[in-house]
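>>> pasting the sequence and the predicted model now:
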Amino acid sequence: MNNNTPAKIYGLLARFDNPGALLAAAEKFRDAGYTKFDCHSPFPIHGMDDAMGLKRSPVGWIAGLCALIGGSGGFALQWWAHAVAYPLNISGKPYFSFQAYVPVTFALAVLGGAFGSLFGMLILNRLPRPHHALFNSDAFTKFSDDAFLISIDGTDKQFHPDKSRRLLEETGALAIETVQE
Amino acid sequence: MSITADTKRQSAPEEILVTGNQTFHSVSEAISRVVEAKTPRYWYLAISVTGAMTMLLLVSIGYLVWEGIGIWGLMIPVGWGFDITNFVFWVGIGHAGTLISAILFLMRQRWRTSINRFAEAMTLMAVMCALIFPGIHVGRIWVAYWLAPVPNQMGLWPNFRSPLLWDFFAVSTYFTASLLFWYVGLIPDLATLRDRTSKRVRKIILGVLSLGWRGGNRQWKHYELAYLILAGISTPLVLSVHSVVSTDFAVSIIPGWHTTIFPPYFVAGAIFSGFAMVLTLAILIRKIFELEDFITLRHLDRIAKIMLLTGMMVGYAYSIEFFMAWYSGNIYEAFTFINRATGPYSWAYWTMITCNVVVPQIFWSKKLRSSVPVLFIASILVNIGMWFERFVIIVSSLANDFLPANWAYYRPTIWEICTFVGSFGLFFTLFLLFVRFVPMIAMSEIKAVLPQANPHHHASEGSGHE
């Protein structure tokens, strides 16, 4: 635990040379029992989910559910409009002609799925979030260019200002800094 | 045998997709530079021309609303002319963007990363241009919202059994899904621009648009799956949207429209025309913004090959239409097709055949596929040919239908031509705004396909940290 630190700190931030080094560091922290650390990179790194010990994202379930709602809602709307609210005889076609409802049902399922995956992703990522303690670090902002960074949250059970720093050094971090809250 | 195949598959990711020995940083530089540099003079020049064309569109629409669709050359029997031709033309162009961003993504065609961003932008802009035409051709534009199922005091509901309504849902869904897909792809790149700028206002705007992206793997995890799902649900749209557009015609009983080949035929045509427009834009972009390292000759070569394939599919559809007209024994159908090739609109028909069937044959030659000027001219000819395809289908079928007493010859008025020219103005104005303010190549995706992005790349060279 972070004892006798006067300024409130967010945690530690360390830079690594390349994706492979970041991946190796993530494995070290995962094995050391850390759960509140993150690996920041300009692009998703193959194999990082396993290296960090992350489970598969549930975005698919959210998108699937939204697609189901969109599709079934669309189908129900068409049935209700034609068979209940406004039965209109056009060339003797049946009011409930489900074959003709397919294109609109499909379109609304796709629409539901698209919104579901975008908003599912944003909710799970806690976005939008304009500010975060990590933005206090100038080194951090290089993540979107070419930096491979690991951030250790100070509230992690395993976190210790010195021990965590030492672990970072052992994993070959190029530069380590303490990030203020 | 299988071992060789496996080795091949493993070595495939090391294929050089961008040239010039790029580093992660040089990718950010080369692509961000375009939107961060001072606005070049030719950009103002270009947008003043396209802006004037857009004004022409607005004036044409304004006069149409004021006076009614009588200002167009439409009459009975030709009730659809330039309006629907332009609609189908623009929607079709959008399809290549979705194919590149969705289908090629699912097929792990990593070369797509250089062209997907601007191709998707092209999709959005083309669909915007497309949506104008059905919107304004209804005559009473102020009640166009009746297409949407809005509860109203008359207790009326739209007829969901009509292909015209399917079309409304298909195209508006297509636009929305493409917009979301495009925006999701943009988030990491907007964060890159945000982190590069030191100007306060710019940082705030980009900070809001990038939603506070931090590029942590906990975020990438959800992001990647969301992107994959968006690609997955956009994939059927490539096939479904233009299939639904084709039912506007195929469900009717007009000879030349009432055929089952229409959905696949329209989809192939859409992809063909869309890739032609992608090629036109890619050639301009790589030259003007010096992005030849990212959009390489290899990209142009592959686009040309797809055009060769889809062009032949379109040519096949043209011949099958003739075969079916004869084989069906239907005299109206047979007449329609003979009339297309020899009748009053034969000039349009042969323009279509020349541009869509003959011109793409030059892509058999590797040498011609590698020549940028040849590709540029061919792409424009294909765009022209595909516009005429829709014109031939729509107008020639309507002008000479069942009753010879009804026959007429449709000519567009100056207002239809102005609206059409104006739609190009809108398209290019939006595209110029896009290249000025948005990174036109997906930086995060390009970085991910560089050889050094592979976590095992450094280890294999023995420069790891262990």
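Thanks, I have it.
>>> can you tell me which residues contact the residue nearest the centre of chain B?
Geometric centre of chain B, nearest residue: residue B:94, 2.0 Å, by C-alpha atoms, centre = their mean. Applying C-beta atoms under 8 Å, 6 or more residues apart in numbering or on different chains, we find residue B:94 in contact with B:122, B:123, B:124, B:126, B:127, B:130, B:174, B:178, B:270, B:274. The C-beta positions use only the backbone N, C-alpha and C, and glycine is treated the same way.
>>> the fourth one contacts residue B:87, doesn't it?
No: with contact defined as C-beta atoms under 8 Å, residue B:126 does not reach residue B:87; the gap is 10.7 Å.
>>> tell me where the model's unsure across chain A.
Within chain A, the ranges that satisfy pLDDT under 70 run A:1-7.
>>> could you point out the longest helix of it?
Assignment by DSSP state H gives helix A:98-124 as the longest helix of chain A.
>>> who touches the helix or strand just after it?
The first helix or strand that comes after helix A:98-124 along the chain, using DSSP states H and E, is strand A:148-153. Residues from elsewhere that reach strand A:148-153, judged by C-beta under 8 Å, 6+ apart: A:10-19, A:21-22, A:25-26, A:29, A:34, A:36-41, A:134, A:139-140, A:142-143, A:159, A:164, A:168, A:173, A:179, B:216.
>>> name every strand pairing with strand A:148-153 and say which way it goes.
Strand A:148-153 has its sheet partners listed here by DSSP bridges as strand A:9-16 (antiparallel), strand A:37-40 (antiparallel).
>>> now render the ones you listed as TSV, adding mean neighbour count and distance to residue B:319.
Formatted as TSV, these follow (neighbours: other C-beta atoms under 10 Å in any protein chain shown; distance: least, C-beta to C-beta, whole Å):
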stretch	mean neighbour count	distance to residue B:319
strand A:9-16	22	60
strand A:37-40	24	56
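>>> make JSON lines from these and add distance to residue B:56 to it.
Below are the strands paired with strand A:148-153 laid out as JSON lines (distance: least, C-beta to C-beta, whole Å):
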{"stretch": "strand A:9-16", "distance to residue B:56": "54"}
{"stretch": "strand A:37-40", "distance to residue B:56": "48"}
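>>> residue B:220 is in contact with residue A:54, correct?
No: the criterion here is C-beta under 8 Å, and residue A:54 misses it with residue B:220 at 9.9 Å.
>>> shared neighbours, those two?
Counting by C-beta under 8 Å, 6+ apart, the contacts common to residue A:54 and residue B:220 are residue A:48.
>>> residue B:136 against residue B:64, yeah?
Yes: with contact defined as C-beta under 8 Å, residue B:136 and residue B:64 form a contacting pair (5.9 Å).
>>> the more surrounded of these two?
Between residue B:136 and residue B:64, counted using other C-beta atoms under 10 Å in any protein chain shown, the more crowded position is residue B:64 (21 against 18).
>>> tell me which residues in the helix or strand hosting that one are buried?
Using DSSP H and E, the element containing residue B:64 is helix B:41-67. With burial defined by 16 or more other C-beta atoms under 10 Å in any protein chain shown, the residues of helix B:41-67 counted as buried are B:46, B:47, B:50, B:51, B:53, B:54, B:56, B:57, B:60, B:61, B:64.
>>> which ones are touching residue B:235?
So residue B:235 contacts B:102, B:103, B:106 (C-beta under 8 Å, 6+ apart).
>>> repeat that with 6 Å
By C-beta atoms under 6 Å, 6 or more residues apart in numbering or on different chains, the residues touching residue B:235 are B:102, B:103.
>>> in which helix or strand does residue 177 reside?
Assuming you mean chain A. Applying DSSP H and E, one finds residue A:177 within strand A:175-180.
>>> wrong chain, I was asking about chain B
Residue B:177 belongs to helix B:163-196, assigned by DSSP H and E.
>>> mind checking how far that helix is from the chain centre?
For helix B:163-196, the separation from the chain centroid amounts to 13 Å (computed by C-alpha atoms, centre = their mean, to the nearest Å).
>>> on that earlier part again, which ones among the contacts of residue B:94 lie within helices?
Those of the contacts of residue B:94 lying in helices (DSSP H): B:122, B:123, B:124, B:126, B:127, B:130, B:174, B:178, B:270, B:274.
>>> mind picking the two most distant members of these?
Greatest spatial distance among the ones in helices among the contacts of residue B:94 (C-beta to C-beta): B:124 and B:270, at 15.4 Å.
>>> which residue is nearest the centroid of chain A?
By C-alpha atoms, centre = their mean, chain A has its centre lying nearest to residue A:125, at 4.0 Å.
>>> and the nearest residue to residue B:250 once chain neighbours are set aside, what are its phi and psi?
Distances taken as C-beta to C-beta, 6 or more residues apart in numbering or on different chains put residue B:262 closest to residue B:250, at 4.1 Å, once the chain neighbours are dropped. The phi/psi pair for residue B:262 (degrees, to the nearest 10) reads phi -60, psi -50.
>>> any idea how many residues pack against residue B:262?
When neighbours are counted by other C-beta under 10 Å, residue B:262 registers 22.
>>> what about the closest residue in space to residue A:142 that isn't next to it in sequence, neighbour count?
Counting by C-beta to C-beta, 6+ apart, the nearest residue to residue A:142 once its immediate chain neighbours are dropped is residue B:195, at 7.3 Å. Residue neighbour count, defined by other C-beta under 10 Å, stands at 23 for residue B:195.
>>> test my guess that residue B:195 contacts residue A:144.
Yes: applying C-beta atoms under 6 Å, one finds residue B:195 in contact with residue A:144, separated by 4.6 Å.
>>> what residues of stretch B:393-413 count as buried?
B:393, B:394, B:395, B:396, B:397, B:398, B:399, B:400, B:401, B:407, B:410, B:412.
>>> generate JSON lines for those, with pLDDT, secondary structure and distance to chain A as supplementary columns.
Below are these laid out as JSON lines (pLDDT from 0 to 100; DSSP: H, G, I helix; E, B strand; the rest coil; distance: C-beta to the nearest C-beta, whole Å):
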{"residue": "B:393", "pLDDT": "95", "secondary structure": "helix", "distance to chain A": "20"}
{"residue": "B:394", "pLDDT": "95", "secondary structure": "helix", "distance to chain A": "21"}
{"residue": "B:395", "pLDDT": "95", "secondary structure": "helix", "distance to chain A": "26"}
{"residue": "B:396", "pLDDT": "93", "secondary structure": "helix", "distance to chain A": "26"}
{"residue": "B:397", "pLDDT": "93", "secondary structure": "helix", "distance to chain A": "21"}
{"residue": "B:398", "pLDDT": "94", "secondary structure": "helix", "distance to chain A": "21"}
{"residue": "B:399", "pLDDT": "94", "secondary structure": "helix", "distance to chain A": "25"}
{"residue": "B:400", "pLDDT": "92", "secondary structure": "coil", "distance to chain A": "25"}
{"residue": "B:401", "pLDDT": "87", "secondary structure": "coil", "distance to chain A": "19"}
{"residue": "B:407", "pLDDT": "93", "secondary structure": "coil", "distance to chain A": "26"}
{"residue": "B:410", "pLDDT": "95", "secondary structure": "coil", "distance to chain A": "28"}
{"residue": "B:412", "pLDDT": "95", "secondary structure": "coil", "distance to chain A": "30"}
